[in-house]
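Asks: Sequence and predicted structure below; questions after.
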Amino acid sequence: MNEKIEQALEEIRPMLARHLGNIEFVKFERNIVYVRFLGTCKGCPLSQLTLKAGVEDLMKTRVPEILAVEAV
């Protein structure tokens, strides 16, 4: 499962890198993926929108077992 999650994150990273940001996989627990925003994404006012409308949507498409993605 972790490998599938990392593969999905690899698709997302180039988009975040355009804004000097990044994302790190923290853990997968009870079908929820926990991630950490890095760089300019950390603390960005739009990070919650990026998380739900971007990261979570793509990850759920690529890994159907995922119920949600949460930032820590």
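Replies: Here it is on my side, so go on. Computed from a predicted model, the values in this text were never measured in an experiment.
Asks: Now do the most centrally placed residue in the chain, the pLDDT please.
Replies: Residue closest to the mean C-alpha point of the chain, counted by CA atoms, centre = their mean, is Val55 at 4.4 Å. Model confidence at Val55, given as pLDDT, is 96.
Asks: if I look at it, how far off is Ala71?
Replies: 9 Å (CB to CB, to the nearest Å). For the C-beta atoms, the positions are set from N, CA and C on the backbone; glycine is no exception.
Asks: and if you look at Gln48?
Replies: Gln48 is 8 Å from Ala71, by CB to CB.
Asks: Over to the residue nearest to the centre of the chain. Which of the three states is it?
Replies: Taking DSSP: H, G, I helix; E, B strand; the rest coil as the rule, one finds Val55 in the helix state.
Asks: I'd guessed it sits against Ile23; true?
Replies: Yes. Counting by CB atoms under 8 Å, Val55 touches Ile23, with 6.8 Å between them.
Asks: Mind giving me the packing neighbours of the lengthiest helix in the chain?
Replies: In the chain, assigned by DSSP state H, the helix with the most residues is helix 2-17. Helices and strands touching helix 2-17, by 3 or more CB pairs under 8 Å, 6 or more residues apart in numbering; DSSP states H and E, are strand 21-29, strand 32-39, helix 57-62.
Asks: Pull the distance from the lowest-mean-pLDDT helix or strand in the chain to the chain's centre.
Replies: Counting by mean pLDDT, DSSP states H and E, the chain has its least confident helix or strand at helix 47-49, which shows a mean of 93. Relative to the centre of its chain, helix 47-49 is centred 10 Å away, using CA atoms, centre = their mean, to the nearest Å.
Asks: what does it rub up against?
Replies: Phe37, Cys41, Ala71 (CB atoms under 8 Å, 6 or more residues apart in numbering).
Asks: Perfect, I'm done here.
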